[in-house]
Every structure is written in structure tokens, then in C-alpha cells.
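In: Okay, sequence plus prediction incoming.
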Amino acid sequence: MSTLRFKAVEEAFRKKAVEVSAPSRFISDFYGKYVFSSKTMSRYLSKDAMKAIRNAIERGETLSRRVADDVAAGMKMWAMELGATHYTHWFQPLTDGTAQKHDSFIDYADGGPGESIIEEFSGKLLAQQEPDASSFPSGGIRSTFEARGYTAWDPSSPAFVMDDTLCIPTIFISYTGESLDLKAPLLKALNRVDRAATAVCHYFDPGVKKVYSYLGWEQEYFLIDEGLYATRPDLVMTGRTLLGHESARNQQLEDHYFGSIPTRVTAYMKDLEFEGYKYGIPLKTRHNEVAPNQFELAPIFSETNLAVDQNLLIMSVMKKVARRHGFRLLLHEKPFAGVNGSGKHNNWSLGTDTGTGLLTPGRTPEENLQFITFLVNTLMAVHRNNALLKASIMTAQNAHRLGANEAPPAIISVFLGTQISRILDELEASTSERGIVVEDRRITSIGISHIPEVLLDNTDRNRTSPFAFTGNRFEFRAVGSSANCSSGMTALSTAVAAQLEEFKEAVDARTAQGAARETALVDVLKEYIRESKPIRFDGNNYSDEWKREAKARRLDCETCVPKIYHAYTSPESIRLFAGVLSEKELKARNEVKWETYTKKIQIEARVLGDLAVNHIIPIATRYQSLLLDNVLKIKSIYPEAKAAELSALDASLVEEIARHVATIKEKVDAMVDARRIANRIDDACEKALAYHDKVLPFFDVIRYHADKLELVVDDEIWTLPKYRELLFIR
């Protein structure tokens, strides 16, 4: 009997929910406890320091050394009161995660070796540090003998205390100034879209001084009992199951989605929410997702830079809290075959400092013209850069999810809904100067007396669309659950900013020639509506018909991950990213993406080979031996004809096992050879392509035969927890 597997199953069944108590009766009592927010700053900083920080955030003014020292002193005092003994610059290297190096506050009291120490934290330490830049992915920008890099404080994202450490959000750049992280380009892109959108807003409201980008992410995830997790080497090493036959029951009954949350999971969610609130993360929604043991949480939307940081922080907290409840968190985009994978829907919008949502329909023709202006320019940005947007969210993990009948396809299109599509079509065809009318939300009656009337949004939902308009925002649904939102938000923000800049130039050119402002606006919008039509699709994005139609519309339909990355370094993208990422930085990031893709597939190939040779084949041959023993015993007792009849089933199983085992061994050996050949390639792109074309295809073949053996081999000697155990023990 497989002792480890059955012991893990038994222990998982016996586990009870962990007791969770709220820190206080009211969330507001402990909300943001660990965050150096504006409210907290006001108790530890002078009015001058507070004003300087506001000016730095809102106007981009540089903080003086004196102000930095004042902020550092107040920040240290606050952090130490919470038990902090160390500080770190918390940054986002090109790994989709975060990095940190902890330093203690202590220093010699007299500035030199002595017996006395003090706690010290200066403005210089707050503002800048020098981590080893050669130890992080850089795509060749930094080599081992050119190791210097700098982290620099981002005052627009508040510092926080985690455990005993003051964490300071920072950017990460090289000694020569190139971005080595995901935050720095995002900040540049957000600054650019602010300038471009503000300039366009002045057509409608000259009082607008700033435009903010907002993000509301929806984080999907799986929870697996940690005992079962520990007995699956593929989950431990890769975050997904490389083998495993689907359970007789998975999600086909559609009973898990929005269903009653399992007791242990409810306790986990409560604990997670309380922790999130302490870090100022406004978690709002929690529910079961479609697949068994899959769940989702979502916050109230925030400014994009802050929202990205909060998402990275909550992913870290999620893992930590999961351990307290006897779970392991899975953020892989496709941890289980045959059931839904996990995404991170990015709800994106723009809004002014005057409180106007630029993607929200207005109440007057002028307000609606502004709404249509930003809607159509977003359409154009996505249309012209659909390949780039796909590249911004594509990874080895997300490739398993995109294109399956549960997620957006590997083709970027935009869903607008019937009403908005009709408005754009009418505007394109119109010849009059009449105002644009966007109907208010309709009211519908359900027809049941005690059920109230329901307000309907001006768009329905299309869950198959990768980029859908949902009433006052766009939902970028193709982002992967383990991803850093910065990558997709940087590409989208840059594309929209460039499009708005071009739009303003076109409108200004017409008004310079004597056209009225509204006429110029509408004329350019008509051209854009006509040009961007290929990106609009309200139908079923999963259908084969759409794939053919998308190709006819000349949308990017590439599915090979290494090839998709070329969209970053096309001449159009290089021009687009000017001021956000240089050509050198773009090419370096592609090098990192290709290297990461290769390493992910390489690790999975090694783990798959190990599982096949050291787990599957030995167990299968052990069971085969038991069957052969039974055949021999039958032959020793019964006459030949009767023995043949009685042993026919066992003999057939022996042959079936032999076929599967032989194929597995053959394909594993061939996969190892393909990997060796690929490893000899120096060029990062060619190597990634070799892994995609020559190594990856073996995965499904090996899995097929291993999963067939799972159905044949005696359950009591099968060592790996099965899908029915991984997905239904909660």
C-alpha cells in the first residue's frame, strides 16, 4: 500500500477549520495598521514634510535630503513601535515576483567600532540602496562583473511593516540607468497616459489637472491540502500536475461556482481578509470559482501603481496564511488538466482629479462625446497593438490556460455589447451634428411581486472576451493568476497614451484649418471607429469560426509563446515605448522572457521524466509482476484450457501495461535527447523555440500513457494522490 498517499488522505479528512477571530469588532479599527499611509504620516511627520511628499506624488517634485531625513526618522519610529527591527527595499525584478534584502536598524553610536549601538535610519537609506544587479534577470544589461544596481524609493506607494521588517516599495535600475524591474516602466507609462489623457480632457474641461489610471484585479487561486501537496513532486517543483487522470466528477455539474464555501476555506478567507485589511488592501469579494477547490478574491479598485503593489503583497500573504490553515496555495494558471485554470482579470479605467470617470457614459451630449472619445481611442490602441498586449501577458504557464474553453483565447479582441456597438455604428454613419446619446441603464421587472426592479447595465457580459467593456471600465481578462499586473498595465497604458497623443494631433490639425472643435473631434472619431472595426467582436471567442474570422481580419493569431514575444521588438513597438522602455531595454526583456520560458519547460521536463521513470514505471511493473504471479498460479492449478480462460484478463492487463511502460520509456528517452540538443543552442530565442517545438510535445504523449496506467494499476499501490483527492478534499 502507498503509505504516504493514504496517510496524507486520512490526515486531510480529519483536519478541522482553524479558529479565526477578528482583531476588532470594526474593520476600521485595524485597517491599514501596518501601512505608513497619509493618515499615519500626519502623526509622525511635520506639515512641511507631508506637503513635500504630496508634491512629489502629484507634481513629480524631487524630495530634498532634509525632507527625506525627516520622513526616514518618522517612518523608523512608527515601524519600531510595531516591532520592526529591520528595513528593506521591496522591489519587483523581472521574475514576476518581489525581492528584498533585510538590514538591521542598528549602527555604532559614535560612528565607529565601539560598545554602544543605536537604531538609525537616514534619508539616504530610505531613498536609495545598491543590491547586486547581476543576480537578477537582466537580459544581458548587467553582467557578473558589472554588478551595481540601484533601488530608489517610490513615495507614491506607502511603506509597510511585514513581520519585523519595514518594507519600502522601490524601483530597480542599473548603474547605467536602464530599468531592471517592472515598476519603473509602469510609473513612466502611467505618467505618460496622465499627460496625454489630461491634454485630451481639456477639450471638454480645462479645469482637469490630472488623470489617474485605476485597476481592480480579481485574483483566482486553488487551495490544496498541504499533506497531499507534499506527496506530489510535480506540484512542489512546478506548481502544476504534470500527470493525473481526470476525476470521474470534476466541474461538469457546475455546482462549485458561487456555491457554499467549505468550512476550512471560509476560515482561511476570513483570516486572509483580516491580514489584508491590516495592510490597507480593501478586499471586497470572496467566492468559489468554477473548478473544484478553486476560489477568488477581489478588492475595491485603486490607483494602478498602488493596486499592483497590493496584489503582489496579497499574493505573499495568501501563501503565508494558507500554511496556517494546512493548505498550499496554487497560483499556477493551469494546475489541473480538464478543469478551469486561474486568471487575474484586470479591470482598468481612467478618471480625472475632478471626479469624472472617462469610461463612464455621461448625462449630456458633451459628456458622452468625452466618453466616446476615450472609448474609441482605447479601441484603437488595442486594435493597433493586439499582438503586443498578448505578448505582455503570455508566459509558459498562461499558455496552458489561454485558448481553453474556460478563458480568453490567444487572440485579443474587444467586446462592447449591443448598445455601445450600435452607438459607434450610428456615429460612424451619421452626417449630422446631433449630440451623442447613451441611454441610461434600463429598469426591468422580474414579474414576481416581492422581487424589486433590477437596474440593467448598458452592456451585457461576454465571458469569452479577452478585453471586454463592462459599463464603466474595460476588463483585461487574459492576465495570468501568477503574473505581476505591471506587465499588462504598462503595455496597455503606453498604447493608450500613444493613441491619445496621436488623436490630439489629428484634432488640433483640423481645428488649425478652421474646423469647429466638436466637428474635428467627431470626424477623427469616425475614422477611428472605421479603422478599429476588426478588433470588435461580441460573439463566442472560443469557436473555431472566430479563429478563422480573426485571421481574415488580420488580428494576431500566433500561439507559439517564444514567437509571440517578438511583438515587443517590432519597429512599431519600439516607437510606441519611446520614453517608457528603450530599444535596448525591450530587447533585454525579451531575452529574459525567452530564458524564463526555456527554464520553465526545462524544469517541467526534468520533473516529468523523474516521475515517469521513478514513480510511474516502477509502480506499473510492480503491479504487472503481481498479475504475472497470479497467471502462473492459475496455470499451476488448472488445466491448460481452463487456466487460459481464467487468466485472460490478467494476461491482457500485463500486455497493456507493457505497451504503456515501453512507450513512456521510449518517449522519456527521446525527450531527454531533445533537451540535450536544445541546451547546446546559445541564442535565447532559438533555444526557447527548440524547447517549444521539440521538447514540449513529449509532455502530452507521456502524460497520456501514464494516465492510462493510473486507471489500470491497483489503487492501493499508486503512490501519487489522484485528482479526486486533490480537488475534493477540503
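Out: Here it is on my side, so go on.
In: Please make it C-alpha for all contacts and neighbour counts, starting now.
Out: Fine.
In: For this structure, name the helix or strand with the lowest mean pLDDT.
Out: In the chain, no helix or strand scores lower on mean pLDDT, DSSP states H and E than strand 454-456, which sits at a mean of 40.
In: Which helix or strand lies directly C-terminal to that strand?
Out: Using DSSP states H and E, the helix or strand that directly follows strand 454-456 along the chain is strand 467-469.
In: The next helix or strand after that next one packs against which elements?
Out: Counting by DSSP H and E, the next helix or strand C-terminal to strand 467-469 is strand 474-476. Applying 3 or more Cα pairs under 8 Å, 6 or more residues apart in numbering; DSSP states H and E, we find strand 474-476 packed against strand 344-352, strand 467-469.
In: In terms of secondary structure, what does the shortest one contact?
Out: I take that to be strand 467-469. Here strand 467-469 touches strand 414-415, strand 474-476, going by 3+ Cα pairs under 8 Å, 6+ apart.
In: what's around residue 266, how many residues?
Out: Per other Cα atoms under 10 Å, the neighbour tally for residue 266 reads 17.
In: One more: residue 328?
Out: When neighbours are counted by other Cα under 10 Å, residue 328 registers 24.
In: buried stuff in stretch 608-624?
Out: With burial defined by 16 or more other Cα atoms under 10 Å, the residues of stretch 608-624 counted as buried are 608-609, 611-613, 616-617, 619-621, 623-624.
In: what pLDDT, on average, does stretch 520-529 get?
Out: The average pLDDT for stretch 520-529 rounds to 95.
In: so how far is that stretch from its chain's centroid?
Out: 34 Å (Cα atoms, centre = their mean, to the nearest Å).
In: Single out the most deeply packed of the helices and strands packed on strand 467-469.
Out: Counting by mean count of other Cα atoms under 10 Å, strand 414-415 has the highest mean neighbour count of the helices and strands packed on strand 467-469, with a mean of 27.
In: What are the contacting residues of it?
Out: Here strand 414-415 makes contact (Cα atoms under 8 Å, 6 or more residues apart in numbering) with 379, 382, 462, 465-469, 535-538.
In: Any buried residues in the helix or strand following that strand, and which?
Out: Going down the chain from strand 414-415, the next helix or strand is helix 418-429, by DSSP H and E. Neighbour counts over helix 418-429 (16+ other Cα under 10 Å) mark 420-421, 423-424, 427-428 as buried.
In: Which element, helix or strand, includes residue 376?
Out: In the assignment (DSSP H and E), residue 376 maps to helix 365-384.
In: Repeat that for residue 169.
Out: In this assignment (DSSP H and E), residue 169 forms part of strand 165-174.
In: which strands and helices sit next to the helix or strand just after that strand?
Out: Following strand 165-174 in sequence order, the next helix or strand is helix 183-201 (DSSP H and E). Judged by 3+ Cα pairs under 8 Å, 6+ apart, the packing partners of helix 183-201 are strand 165-174, strand 211-225, helix 304-324, helix 485-512.
In: pLDDT averaged over the shortest one, what's the number?
Out: Okay, so that is strand 165-174. 95.
In: One more: stretch 700-718?
Out: Stretch 700-718 carries an average pLDDT of 96.
In: Can you give me the buried ones in it?
Out: Of all the residues in stretch 700-718, those buried under the rule 16+ other Cα under 10 Å are 702-703, 705-707, 709-710, 712-713, 717-718.
In: So residue 285 versus residue 53, what's the distance?
Out: Distance of residue 285 to residue 53, computed by Cα to Cα, to the nearest Å: 32 Å.
In: More neighbours: which of these two?
Out: More neighbours surround residue 53 than the other of residue 285 and residue 53, with 22 against 12 (other Cα under 10 Å).
In: Contacts for the strand holding residue 169, please.
Out: 79, 84-93, 102, 126, 133, 141-142, 148-155, 157-161, 179-184, 309.
In: Kindly calculate the angle that that strand makes with helix 183-201.
Out: Inter-element angle recorded for strand 165-174 and helix 183-201: 80 degrees (by axes from the mean of the first three to the mean of the last three Cα atoms, to 10 degrees).
In: List the buried residues in stretch 243-258.
Out: Under 16+ other Cα under 10 Å, the buried positions of stretch 243-258 are 243-245, 247, 250-251, 256-257.
In: For it, give the mean pLDDT please.
Out: Average pLDDT, stretch 243-258: 79.
In: Next, the contact list for the residue lying closest to residue 123 once chain neighbours are set aside, please.
Out: Distance criterion Cα to Cα, 6 or more residues apart in numbering; nearest residue to residue 123, sequence neighbours excluded, is residue 69 at 3.8 Å. Residues near residue 69 by Cα under 8 Å, 6+ apart: 122-124.
In: What's the ChimeraX syntax to select whichever of those are buried?
Out: This is the ChimeraX syntax for the buried subset of the contacts of residue 69, where burial follows 16+ other Cα under 10 Å:
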select :122,123
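In: tell me which of the contacts of residue 69 is nearest to residue 351?
Out: Nearest to residue 351, judged by Cα to Cα, of the contacts of residue 69 is residue 123 at 33.3 Å.
In: Was I right to think that closest one contacts residue 71?
Out: Yes. Counting by Cα atoms under 8 Å, residue 71 is a contact partner of residue 123 at 7.1 Å.
In: before we move on, the earlier item: using TSV, please lay out the buried residues of stretch 243-258 together with distance to residue 588 and secondary structure.
Out: Output for those, formatted as TSV (distance: Cα to Cα, whole Å; DSSP: H, G, I helix; E, B strand; the rest coil):
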residue	distance to residue 588	secondary structure
243	34	coil
244	37	coil
245	40	coil
247	43	coil
250	42	coil
251	41	coil
256	43	coil
257	41	coil
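In: any chance of those residues in JSON lines, with distance to residue 569 too?
Out: Shown next, in JSON lines, are the buried residues of stretch 243-258 (distance: Cα to Cα, whole Å):
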{"residue": "243", "distance to residue 569": "36"}
{"residue": "244", "distance to residue 569": "39"}
{"residue": "245", "distance to residue 569": "40"}
{"residue": "247", "distance to residue 569": "43"}
{"residue": "250", "distance to residue 569": "42"}
{"residue": "251", "distance to residue 569": "40"}
{"residue": "256", "distance to residue 569": "43"}
{"residue": "257", "distance to residue 569": "40"}
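In: Stretch 79-99 spans what distance, first to last residue?
Out: Terminal residues of stretch 79-99 lie 20 Å apart, using Cα to Cα.
In: my bad, should have said stretch 198-214
Out: End-to-end distance of stretch 198-214: 15 Å, with Cα to Cα as the criterion.
In: which other residues reach it?
Out: Contact with stretch 198-214 is made by 190, 193-195, 197, 301-304, 307, 347-354, 366-367, 370, 500, 504, 517, as judged by Cα under 8 Å, 6+ apart.
In: ok, which stretches of the stretch 1-150 of the chain are strands?
Out: 86-90, 103-104, 106-108, 117-119, 128-129, 149-153 (DSSP state E, counting those that start in this stretch).
In: mind checking which of the ones you listed is nearest residue 8?
Out: In terms of Cα to Cα, the element of the strands of the stretch 1-150 of the chain nearest to residue 8 is strand 86-90, at 36.5 Å.
In: returning to that earlier point: looking at the helices and strands packed on helix 183-201, spot the one closest to residue 296.
Out: Residue 296 lies closest to strand 211-225 among the helices and strands packed on helix 183-201, at 4.3 Å (Cα to Cα).
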